[in-house]
Structures are given as structure tokens and as C-alpha cells.
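Enquirer: Return a 3D structure for these sequence lines:
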Amino acid sequence: MFDALTNKLSDVFKKLSSRGIITEKDIEEGLREIRLALLEADVSLPIVKEFMAEVKEKALGEKVIKSIRPDQQLVKIVYDELVKLLGNEEDTSLNFRQVPPAVVLMVGLQGSGKTTTSAKIALKLKKKKRVLLASLDVYRPAAQEQLSQLGSQISVDVLPVIKDEKPLDITKRALEVGKRGLYDVLILDTAGRLQIDEDLMQEVSLVKKLSNPAETLLVADALIGQEACNVAKEFNEKIGITGLVLTRIDGSSRAGAALSMKMISKAPIKFLGTGEKLEDIEEFHADRLAGRILDKGDIVSLVEKAVENIDQQEAEAQAKKMLKGKFDLNDMLNQMRQMQKLGSMSSIMGMLPGLAKYKEQIEAVDADSIMKKQEAIILSMTKEERRHPDIIKASRKKRIAKGAGVEVHEVNKLLKSYEQMSTMMKRMGKLGSMQNLASHFMKKSPLMGNNPFGGFNNKFPF
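Expert: Below is the predicted model:
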């Protein structure tokens, strides 16, 4: 998300930082380029004007001009204003302060991803709450069946379908089942249209009045650009929404309309859809997204994702093994599988400070496809070969390549990568304890270098 915006802003700040002395004219030129970058990213003109007015007022202040590093101050000012624009102080958690089942009403246009997003939110909530899903979409072919299948995949109950039942009748039945079944949350997936029309609004209004939802979430596709703002405005004025869910943010380099939607709808962003898998949804945090936009990473979200998806005991056991200098192809396979649990390589890169500029290179070489191919190569080996890679000679390489459906040179590449990793692990083992290793990393890491804002921290990772 925001790849083009991130790259342009990075270029602006890099140009400023390369100059020994920065004048007021340099800053004004930088502000002009920031304004153009925002407009090109589909941020609406009124929002850009308001945003840039705030940035300019602070950037051209006496304190900034007299500071040693005005470019660093400008980064900080833009970051603060982005956080403010995205609504940092608003409560973005879902509201369940009502008699169960708390109703979450999902609204939006057809094709925005409402049904899949309903299942994603259900999966996220099921760890702590009992969730019931219900489809009110009686118009789109197989829409109700789609939700039933998604519910089955994530082991969440879905209201059984009754043929020819109307949306309001489905809502009444869902509420009754929700109360009788002692469900904590009821998620209602409403029907969408290709465009906003009176019938759609009337139906959603009646469903909302009947269900009295705790949350009315507008699901909007980040790829539709400025139209997303119009959709948000219409739904908020005619229905009233309590939050936004932005989908497909991983596939849009011009998703700047998302920056405008919060201001236009006056509703906070609650979730971001980050991919096609049902696990690919994350809670929205303004400061973290601002950090990503400015290529300062989002270490907090990456750590949270690791805690959710990686087996801690297994990771600790592997770490101890590696510190002893022991590392075989089984360990390499486990490492690759742990990485895959965190998402695509490009999404991981986007969460690491200063690496957004390499995302295009990673996508070009298709790192995820290469990793899957390497996994297939290792799985084509015998247990003995995985434990003792040094026994893999020419004849074995041919057999392994044939089993994995690859060429022999790709097996050689994997073995070379393994040798490099094995050498690195042995060096790590010589460092001794985990404390020594952490200390060594902190001293050598580029993240711990010149930090103009007082060190690395969760709130402002610059």
C-alpha cells in the first residue's frame, strides 16, 4: 500500500538530507513535491490543502529553520500530521458494550470484499468470543454459500440458509439464534450493489433499524481511488457508519484515497485487509501506518504477527540449537515455513525500516515462489540427506531435482544458501549467550545508528 507515495516522499527527504545547509526555499520546494506526491497517490484535493497548510506552518517556523537538521524535523512534522490525519487518538477497537449478541453490520458495494472480510473479522474474534455469521445477500449468486464455506474453513458457525427468505426475515432469525445460542457476536453480511442506489440504502436502513448494531462497518476497496471517498460519504449520510475497513491495500500503489476517507466520513478506520488469506487482516493503528508510509517500518505489527503465528517453544528450541552451531536442512525448512506464516516477503519488507525501496525488486524476482520451490527441493530429499547435506553428490542431486520438478542448478543454489546460513549460525554460536548475541546485534544494527528523535521506540520508529 502507498508504494508510490512512500518512494516519492523518501526521495524528497533524501534530497534534502544530502544538502549541507537547507534554506527556506529548499523546504518550500520539498513541500511542493510532498503536495504533488499526495495528489498523485489519490488523496483528495481538499484534504491535501488542509494537510499541507498544517505542515507548512510548522515546517517554516523559526525553530525549524534554525535547527541543525531541518530535513529530520520535516520528516517528524509530516509524520505527526499523517498520524493526526489518520486519527491516532480515536478508539479503533470494536464496540461490544451491549447485551449479547453484539451485532456487527457489514455494508458496502458489491466486489469490495464484504463476505471475505466478515469471515476475516470472525476469525480474529473467535479466539476470545463466540461468533455467529449470517448472510443477508440473497441477490448475488452463491453469496450465502460462499459465507457458509468460509465459516467452515475457520470453524465459525454460520446461520443455515432457508430458500427464498428475505433479508429482514434472515435478520430476525439470526438475532433469535444468536440469543438462544448464547453467541457474543453476530456478524451480518449485507448485500451490495455495483453502485449506490435507493433500494440498497432502504434495505440496509431497515436491517440496521431491526438489528440495532453495535458497529456498522463500511468495507471499501482501496483500489477504487477517489470513488471510495464518495462511497464513504453516501453511506455515512444515509446509513451512518461507525468504522471503515479498507481491503486490498496490499495491491494498490495509489491507495491515497484511504487517507481522505476518514476525514470525509468522520468514521475511524478499524481494520486493514492486507491479502487474500483469511488471516490477512490487521487492526488499524494510525502511528504504525504513518511509519510505513514514510518508510520507517512497523516493527510493532511485525512482532505482533510473529507472536500470533510462530510457536514460541519451537522457536526457542531452534535458537538454542543454532547457538550451538548445529543447523541442518530440516532447520532451514522450518525457518522458511515460519517466514511464510508472517505473510509475503514484500509485506514483511514493508514493515522493516528503510527497506520499502527494495519491495519492487523482491516482487520482480518473486521471492515467495522461490521459497516454495526451495521447500519442494528439501521435501524431495531423504531424512538422511536433510540431516547430513554433505552426502548430496551429483547422482543424488539429479534424483532430488527430478522429484521436485526443478533443474539441478536450482538444487545447487539451495545447497549454497544452506552453506552460507550454516556458516552464519556457527558464527552466532561463537558469540555465546542470547544476551551477548542481542548486544552484538544492537551494536551492529543500522537501526541503532544516528537517530534524530531519541532512539528506537514503538510509538515513533525513526
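Enquirer: Skip the chain neighbours and tell me the closest residue to the most centrally placed residue in the chain.
Expert: Averaging the C-alpha coordinates of the chain gives a centre point, and the residue nearest to it by Cα atoms, centre = their mean is residue 274 (4.1 Å). Spatial nearest neighbour of residue 274, excluding adjacent residues (Cβ to Cβ, 6 or more residues apart in numbering): residue 280 at 4.6 Å. In this view, the C-beta of every residue, glycine as well, is placed from N, C-alpha and C.
Enquirer: Could you do residue 387 as well?
Expert: Take residue 387 and drop its neighbours on the chain: the residue closest to it by Cβ to Cβ, 6+ apart is residue 328, 5.2 Å away.
Enquirer: per-residue pLDDT, the one you found?
Expert: At residue 328, the predicted lDDT confidence score is 84.
Enquirer: do the same with residue 183
Expert: At residue 183, the predicted lDDT confidence score is 95.
Enquirer: In this structure it contacts residue 102, no?
Expert: No: here residue 183 does not reach residue 102: they are 9.1 Å apart, not a contact under Cβ atoms under 8 Å.
Enquirer: Any idea how many residues pack against the residue nearest to residue 274?
Expert: 17 (other Cβ atoms under 10 Å).
Enquirer: my read: it touches residue 272, true?
Expert: No: contact status for residue 280 versus residue 272: not in contact, 9.3 Å apart, counting by Cβ under 8 Å.
Enquirer: before we move on, back to that, neighbours of the residue nearest to residue 387, how many?
Expert: Burial of residue 328 is recorded as 15 neighbouring residues (other Cβ under 10 Å).
Enquirer: and it, how far is that from residue 418?
Expert: 8 Å (Cβ to Cβ, to the nearest Å).
Enquirer: Now do the shared contacts for these two.
Expert: For the pair residue 328 and residue 418, residues contacting each of them under the criterion Cβ atoms under 8 Å, 6 or more residues apart in numbering are residue 389.
Enquirer: Could I get the pLDDT score of the closest residue to residue 45 other than its chain neighbours?
Expert: Taking Cβ to Cβ, 6+ apart, and ignoring the residues beside it in sequence, residue 45 has residue 39 as its nearest neighbour in space, at 7.0 Å. We have a pLDDT of 82 for residue 39.
Enquirer: was I right about residue 39 contacting residue 48?
Expert: Yes: look at residue 39 against residue 48 with Cβ under 8 Å: they come within range, at 5.8 Å.
Enquirer: picking that back up, phi, psi for the residue nearest to the centre of the chain please.
Expert: Geometry field for residue 274 lists phi and psi as phi -110, psi 0, criterion degrees, to the nearest 10.
Enquirer: Kindly report the same for residue 134.
Expert: Note on residue 134: backbone dihedrals following degrees, to the nearest 10 are phi -140, psi 130.
Enquirer: In contact with it: list those residues for me.
Expert: With the criterion set at Cβ under 8 Å, 6+ apart, residue 134 makes contact with 147, 158-159, 170-171, 174, 186-189.
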